[in-house]
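**Q** sequence isn't available, so here's the structure alone:
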């Protein structure tokens with residue numbers, strides 16, 4: 001992969017923090033658990049050892065993913081406020097209810113914090129739009145219109 005991965009500063013910092021945690025805390029913890037599980041006897045019939053091996057594979061896989069992402073990351077240094085772009089916070093009005101989304105890369109998506117991917121249906125529909133623009137979202141049986149009220 002030689003493609004740039006654009007991240008907000010917050011997203012970049014979060015991934016660096018996760019990588020640091022996995023390398024310095026989680027990996028050593030898993031190694032200790034493997035050593036303990038190995039002491040329990042026959043490895044062919046040791047379910048605890050198998051479970052820790054599975055955890056180790058997940059941790060090592062995530063470390064590899066994070067290293068790849070961060071190696072190709074470019075932190076967004078300018079977040080537009082005149083139109084919706086990566087890093088923009090967008091307030092929209094949907095049937096008398098205001099929602100706020102932050103448009104981020106797919107590596108930063110967090111629905112609990114209303115951080116939506118620029119490649120998602122809503123995120124892609126909002127990109128390059130301006131305050132006052134109306135966007136109709138057609139998601140299978142659900143169709144609704146949103147109006148952009150603020151971009152910051």
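**A** Nice, I can see it. These numbers come from a predicted model, not from an experiment.
**Q** use CA for all of it now, contacts and neighbours both
**A** Fine.
**Q** give me the contacts around the top helix by length along the chain.
**A** Longest helix in the chain by number of residues (criterion: DSSP state H): helix 47-71. Residues from elsewhere that reach helix 47-71, judged by CA atoms under 8 Å, 6 or more residues apart in numbering: 5, 12, 15-16, 19, 22-23, 26-27, 30-31, 33-34, 37-38, 43.
**Q** what secondary structure does the residue nearest the centre of the chain sit in?
**A** Here the mean C-alpha position of the chain is nearest to the C-alpha of residue 108 (CA atoms, centre = their mean), at a distance of 2.5 Å. State at residue 108, reduced to three classes by DSSP: H, G, I helix; E, B strand; the rest coil: coil.
**Q** what is the longest strand anywhere in the chain packed up against?
**A** The longest strand of the chain (DSSP state E) is strand 142-151. When contacts are defined as 3 or more CA pairs under 8 Å, 6 or more residues apart in numbering; DSSP states H and E, strand 142-151 packs onto strand 89-94, strand 134-139.
**Q** what sits up against the first one?
**A** Applying CA under 8 Å, 6+ apart, the set of residues contacting strand 89-94 from outside is 84, 98-103, 144-152.
**Q** the last one too?
**A** Taking CA under 8 Å, 6+ apart as the criterion, the residues outside strand 134-139 that touch it are 121-122, 125-126, 143-148.
**Q** 7 Å instead, please
**A** Under the criterion CA atoms under 7 Å, 6 or more residues apart in numbering, residues 122, 125, 143-148 lie in contact with strand 134-139.
**Q** so which bits of it are buried?
**A** The neighbour-count criterion (16 or more other CA atoms under 10 Å) identifies 134-135 as the buried residues of strand 134-139.
**Q** quick one: it to strand 142-151, angle?
**A** Calculated by axes from the mean of the first three to the mean of the last three CA atoms, to 10 degrees, strand 134-139 forms an angle of 140 degrees with strand 142-151.
**Q** direction included, what does strand 134-139 pair against?
**A** When pairing is defined by DSSP bridges, strand 134-139 lines up against strand 142-151 (antiparallel).
**Q** repeat that for the first one.
**A** Strands adjacent to strand 89-94 in the sheet, as given by DSSP bridges, are strand 97-104 (antiparallel), strand 142-151 (antiparallel).
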